[in-house]
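S.K.: The sequence and its predicted three-dimensional model are supplied below.
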Amino acid sequence: MKMVIRLTKSEEAKALPILLRHSPGVVLSGRTYVLSGESIEALRAAGVRFEELGTESEAPNLAGALTGERV
């Protein structure tokens, strides 16, 4: 499952070498990342602290939404 996290500037410096060795993720603005469970576990094992913002399962579902409908 994918997780959305936010890192502080100092924690991001520790996390980047770890993230480059693990599965791909998505980088958003504000030091926010969408990462796989494997990457999250690697960060935890290395002692990198981060704020959990949400998970893939909490994302809004667009099934049944009409074209142009506000979600």
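M.R.: Received the coordinates, thanks.

S.K.: what's next to stretch 7-15, contact-wise?
M.R.: 31, 33, 43, 46-51 (Cβ atoms under 8 Å, 6 or more residues apart in numbering). Bear in mind the C-beta positions are built from the backbone N, C-alpha and C, glycine included.

S.K.: Let's see which of these end up in helices.
M.R.: Judged by DSSP state H, the contacts of stretch 7-15 include residue 43 as members of helices.

S.K.: if I pick the residue most central in space within the chain, what's in contact with it?
M.R.: Nearest to the mean C-alpha position of the chain, by Cα atoms, centre = their mean, lies residue 34 at 2.3 Å. Applying Cβ under 8 Å, 6+ apart to residue 34 gives the contacts 2-4, 25-26, 28.

S.K.: Which of the contacts of stretch 7-15 are buried, as a ChimeraX select command?
M.R.: What follows is the ChimeraX syntax selecting those of these that are buried according to 16 or more other Cβ atoms under 10 Å:
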select :31,33,43,48,50
